[in-house]
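> No sequence on hand, only this structure:
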Ligand code: ZN
């Protein structure tokens with residue numbers, strides 16, 4: 001079995017950090033992630049820089065990235081304007097997010113969910129025509145900081161409507177880190193029943209320490225792409241108290257030991273997380289950085 005690790009550290013990870021990384025440091029970070037074997041990397045979001053200052057250099061960053069045929073750089077967009085910027089910047093893949101809860105959609109994207117759904121349909125059509133791969137994420141699929149519980153039927157309904165526009169993949173996101181494994185298993189199983197053959201991706205935050213358990217549940221439910229951020233950095237500027245994404249190297253450790261292939265080097269990720277610590281001015285929350293891999297390489301005596 002193979003699972004794609006989708007690295008979201010440069011976007012979801014960095015956007016909540018207090019320190020703004022210079023573009024050159026982001027280029028080095030992404031270069032290290034590619035060297036570690038990651039092939040799908042969410043590099044930036046094309047949003048209003050006044051709202052998310054870390055993403056103000058999205059165009060400059062894309063212009064500076066070394067291009068490889070086997071690496072897909074994803075640009076996240078929330079509306080038509082963002083899509084136009086992402087296309088002009090040279091993204092290979094376009095990620096769009098719609099939010100299952102109306103209040104969060106309004107706070108995060110400045111419009112209601114229905115407007116975001118209409119924008120998705122338009123963006124998906126244009127992206128396909130331009131030869132770009134559009135994917136869509138349904139945010140707050142497992143809980144909303146403002147509205148509380150999110151009805152799973154609402155999530156499925158949105159996913160079915162999103163699927164009509166032909167995404168290459170649909171993701172469910174636990175934007176605030178509220179999900180538990182049984183909920184993850186049930187919702188993804190329901191989605192697979194409704195959309196057999198649609199590639200699925202999962203996005204978890206570790207706010208309540210259920211992140212890795214949720215990854216396990218998602219993989220067991222047939223999800224074959226997992227979002228993660230190196231070191232577990234991140235949060236969400238618009239979700240109170242949301243902490244980082246699941247740490248890429250911690251997810252990788254679990255998958256490696258379960259015999260699941262990813263093509264990614266755990267040493268390369270641990271080194272990148274350590275490299276990142278002085279640059280964001282604090283330790284990263286991931287555990288592998290502290291504990292190291294197991295079994296450890298044999299040391300000659
Ligand atoms: Zn997130």
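Alright, I've got the coordinates. Please read all numbers here as calculations on a predicted model, not as lab measurements.

> For residue 58, give me its contacts.
Contacts for residue 58 (Cβ atoms under 8 Å, 6 or more residues apart in numbering) come out as 43-46, 75, 85-86, 89. Quick note: C-beta positions are derived from backbone N, CA and C, even for glycine.

> Could you do residue 128 as well?
Residue 128 touches 134, 166, counting by Cβ under 8 Å, 6+ apart.

> Is it in a helix, a strand, or coil?
Of the three states, residue 128 takes helix under DSSP: H, G, I helix; E, B strand; the rest coil.

> ok, it to residue 162 distance?
14 Å (Cβ to Cβ, to the nearest Å).

> re earlier: could the contacts of residue 58 be laid out in TSV, adding pLDDT and distance to residue 96?
Listed next are the contacts of residue 58 as TSV, based on pLDDT from 0 to 100; distance: Cβ to Cβ, whole Å:
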residue	pLDDT	distance to residue 96
43	97	15
44	97	14
45	97	11
46	97	11
75	97	10
85	97	13
86	97	10
89	96	15
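
> what's the closest of those residues to residue 248?
Nearest to residue 248 out of the contacts of residue 58 is residue 43 (Cβ to Cβ; 14.7 Å).

> what's the neighbour count on the closest one?
For residue 43, the neighbour count with other Cβ atoms under 10 Å is 29.

> With the one 5 residues further on instead?
For residue 48, the count of nearby residues is 15 (other Cβ under 10 Å).

> cool, and residue 246?
Residues near residue 246, counting by other Cβ under 10 Å: 28.

> That one reaches residue 215, doesn't it?
Yes. The pair residue 246 and residue 215 passes the contact test of Cβ atoms under 8 Å, sitting 5.9 Å apart.

> shared neighbours, the two?
Any residue near both residue 246 and residue 215 by Cβ under 8 Å, 6+ apart counts here, and that gives 204, 226, 228.

> Mind putting those residues into a markdown table with secondary structure?
Below are the shared contacts of residue 246 and residue 215 laid out as a markdown table (three-state DSSP):
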| residue | secondary structure |
| --- | --- |
| 204 | strand |
| 226 | strand |
| 228 | strand |
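
> any idea which of those residues has the most stuff around it?
Using other Cβ under 10 Å as the neighbour criterion, residue 228 leads the shared contacts of residue 246 and residue 215 with 34 neighbours.

> Pull out the buried residues from stretch 117-135.
For stretch 117-135, the neighbour count (16 or more other Cβ atoms under 10 Å) marks 117, 119-121, 123-124, 126-128, 132-135 as buried.

> before we move on, what about stretch 200-212?
200-208, 210-212.

> Tell me which stretches of the stretch 1-150 of the chain form strands.
4-7, 40-45, 72-77, 93-99, 133-139 (DSSP state E, counting those that start in this stretch).
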